[in-house]
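> sequence unavailable; structure follows:
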């Protein structure tokens, strides 16, 4: 249990924009970056929200490791695809431009795909996939990331938690928004257990010999995360295959770094992260209304079906996050005291005081 | 341990072609169907090979539930996509045509996607993804299937084991070929344990109340398979999300059946299975040689890395299957005695005697 202060979403957003502008990021780009970070906090994915404002983005901007003025460049283009060089710009800015270019392309060709290299951590993958929804398209967003996951039968961190995000619009139901790391859990989850002095469930991580361990410190110090599925017996090689797939499409196909060469957050080097986006017009395949009606029907099959004993609800992917977003937009976003302390220090370091007044408190 | 007879691959192929021709399938279509079924056996995925020759394909052709003369029809087309009505033809025939159309489309537009509805079980998903390899493309193949998997917190079979297959060409390494069900294991694996009187690993399946069971009979009689990941604690909702994704793209987007409505193998109804294919020209994004060199480098990072204690080798997806194919092509394909018996009965039922002479025996 940790105490959290609750802040108005707009206040936090304004602070982030001022923070980025102070670091030399143009106003419109600061707004995009703040919006993507806030989308993570609003969706309850706080590992990808303000907690990283300074530890990743601010500190790297200060060190000149991210170029706030980068102008991404098209390096290849076909009828239905674009390959973009991100020029080491802010991941959020480059990625949003890329997804918008992908959607524009799909408007003409029915579907489109866009790769990006020379980019940086772009926040939550789901943000970009969801842009497609308002265009009556299905959106896909993938990115590679610093190595934390060991392949099946290995013990070395060679692949990122490489997420897969896909968004598809329904009619009366909320959209389907899958936004999943291809590891079982993110590394931050293991840190939470370590700080709480608790054991992690057997299967989430391995020690430095490659064996399953329930000691979070063993995972954090020389160990690695297991891919989705976990052990061989539970078909962890499928999660390994998905992490590798994301690296092939985001890293290798884009010409970015891949595998163990993707920039680690502590390194004083450009990250050279790679992304992959796709957009598909519903009406390229079917009448969009019929698609949405059928998606509603599928969601009804799932959510109205008998529950496992002891369970009360079956969820569609994204549903919990939409409900949380509505709650947080109305009642404010909780930030753990530790995060608030980091933001105060970050503000001092950059020269933009984090002097927001909380509108409440909560225990999380 | 079960005794297997070993047959020459060509002999089995010839038998299958004669079998299908006898059932009214034109010669060229019989050859395609036999080729895809044999590809499964050659890759060691015997659950999708000759074992299904009669139980699924033959029996449904006999009952008129699959139309051997179907002429698939384009129902929508955009610059880079096609939507096809499979007209209840043989899944393998429709799917191969669709993937070839997808590749042709991608030759012009850089990338392409094709959906298919009104189709049938198409064998191994990987077969179609791999067709892209010889064209210097990345191939993707998805299909929905009869419901066997329960969603997280549910207990009812609502989704298929909906596979994801992706193939990408390397230079000196063999291609990457991911071909994975989005459940932990296929239902056939549970049957094998039941027949052997053994317990299944806890997590593969649930009983009719939705609880994890190690009794294979509980899974088979009213229970369901868990999606990849298994329980909520191990993030089974990600596997559930992937199974749902495959159903959205193959079933809902194509206008086929979806969820619990996909045809069950025992039902006297057209299956209305849906497929999804994509093809991506490497040179739409990058110089193909550079892509392949980097993919080799990524595979080297993975396969040459330190192994977990007790392990000797780290695999790339598809590697084991390529090795098995070479072995089986040279030394013959083992078929379990039970399968041979089924083939003999199938041959009698159709009027094409399974009178092949085994070239050896083995225990598997």
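Done, it's in. Quick caveat: nothing in here was measured; it's all calculated off a predicted structure.

> from now on I want contacts and neighbour counts done on CA atoms only, so please keep to that.
Will do.

> per-residue confidence at residue A:1?
At residue A:1, the model reports a pLDDT of 60.

> do the one 4 residues further on as well
The per-residue pLDDT reported for residue A:5 equals 96.

> for it, helix, strand, or coil?
Look at residue A:5: counting by DSSP: H, G, I helix; E, B strand; the rest coil, its state is strand.

> what's opposite it in the beta bridge?
With DSSP bridges as the criterion, residue A:5 is bridged to residue A:335, residue A:361.

> okay, now it: neighbour count?
Residues near residue A:5, counting by other C-alpha atoms under 10 Å in any protein chain shown, number 19.

> same question, the one 10 residues further on
Residue crowding around residue A:15 was assessed by other C-alpha under 10 Å; the count is 19.

> counting by contacts, list what the strand or helix carrying it packs against.
Following DSSP states H and E, one finds residue A:15 within helix A:9-22. In terms of contacts (3 or more C-alpha pairs under 8 Å, 6 or more residues apart in numbering or on different chains; DSSP states H and E), helix A:9-22 is packed against helix A:27-42, helix A:337-350.

> what do you get if the cut-off is 6 Å, keeping everything else the same?
helix A:27-42 (3 or more C-alpha pairs under 6 Å, 6 or more residues apart in numbering or on different chains; DSSP states H and E).

> pLDDT of the helix or strand just after the helix it packs on, averaged?
Later in the chain than helix A:27-42, the nearest helix or strand by DSSP H and E is helix A:59-62. Across helix A:59-62, the average pLDDT comes to 96.

> show me how far the helix holding residue A:15 is from its chain's centre.
Per C-alpha atoms, centre = their mean, to the nearest Å, the displacement of helix A:9-22 from the mean C-alpha position of its chain is 20 Å.

> now stretch A:6-16
Relative to the chain's own centre, stretch A:6-16 is displaced by 20 Å; criterion: C-alpha atoms, centre = their mean.

> repeat for stretch A:110-120
16 Å.

> who in the stretch 251-364 of chain A is up against chain B?
A:284-285, A:307-309, A:311, A:314 (C-alpha under 6 Å from any C-alpha of the partner chain).

> which among the residues you listed count as buried?
Taking 16 or more other C-alpha atoms under 10 Å in any protein chain shown as the criterion, what is buried in those is A:284-285, A:307-308, A:314.

> show me how chain A divides into domains.
A:3-64+A:332-363, A:73-184+A:226-288 (automatic domain parsing).

> let me know the average pLDDT across the longest one.
For domain A:73-184+A:226-288, the per-residue pLDDT values average out at 98.

> and that domain, how far out from the chain's middle?
9 Å.

> and residue A:78, how many residues sit next to it?
By other C-alpha under 10 Å, the burial measure for residue A:78, its neighbour count, is 19.

> let me fix that, I meant to ask about residue A:196.
For residue A:196, the neighbour count with other C-alpha under 10 Å is 10.

> got phi/psi on residue A:320?
phi -60, psi -40 (degrees, to the nearest 10).

> distance of it from residue B:232?
14 Å (C-alpha to C-alpha, to the nearest Å).

> one more: residue A:59?
Counting by C-alpha to C-alpha, the gap from residue A:59 to residue B:232 is 36 Å.

> neighbour count for these two, which is higher?
More neighbours surround residue A:59 than the other of residue A:59 and residue B:232, with 19 against 11 (other C-alpha under 10 Å).

> that older thread, how about the helix holding residue A:15: buried residues?
By neighbour count on 16+ other C-alpha under 10 Å, the buried set for helix A:9-22 is A:9, A:12-13, A:15-21.

> repeat that for stretch A:312-329.
So for stretch A:312-329, counting by 16+ other C-alpha under 10 Å, buried means A:313-319, A:321-322, A:324-325, A:328.

> residue ranges of the helices in the stretch 251-364 of chain A, please?
Assigned by DSSP state H, counting those that start in this stretch, the stretch 251-364 of chain A shows helices spanning A:288-303, A:319-331, A:337-350.

> same question but for the stretch 101-250 of chain A, I mixed them up
Going by DSSP H, counting those that start in this stretch, the stretch 101-250 of chain A shows helices at A:125-131, A:187-195, A:216-220, A:236-247.

> quick one, which of these is nearest to residue B:299?
With C-alpha to C-alpha as the measure, helix A:236-247 is the member of the helices of the stretch 101-250 of chain A nearest residue B:299 (9.5 Å).

> quick revisit: could the helices of the stretch 101-250 of chain A be laid out in CSV, adding mean neighbour count and distance to chain B?
CSV is the format used below for the helices of the stretch 101-250 of chain A (neighbours: other C-alpha atoms under 10 Å in any protein chain shown; distance: least, C-alpha to the nearest C-alpha, whole Å):
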stretch, mean neighbour count, distance to chain B
helix A:125-131, 26, 13
helix A:187-195, 16, 12
helix A:216-220, 22, 14
helix A:236-247, 27, 6
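
> hmm, back to that, distance to residue B:272 added to the helices of the stretch 251-364 of chain A, as CSV?
Compiled in CSV, the helices of the stretch 251-364 of chain A are given as follows (distance: least, C-alpha to C-alpha, whole Å):
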stretch, distance to residue B:272
helix A:288-303, 14
helix A:319-331, 29
helix A:337-350, 52
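
> what's the most buried one of those?
Ranked by mean neighbour count under mean count of other C-alpha atoms under 10 Å in any protein chain shown, the helices of the stretch 251-364 of chain A are led by helix A:288-303, which reaches a mean of 20.

> packing partners for that helix?
Partner elements for helix A:288-303 (3+ C-alpha pairs under 6 Å, 6+ apart): none found.

> relative to the whole chain's centre, how far out is it?
Per C-alpha atoms, centre = their mean, the displacement of helix A:288-303 from the mean C-alpha position of its chain is 26 Å.

> kindly report the same for stretch A:346-358.
25 Å.

> any idea how far apart the tips of that stretch sit?
End-to-end distance (C-alpha to C-alpha), stretch A:346-358: 18 Å.

> many thanks, have a good one.
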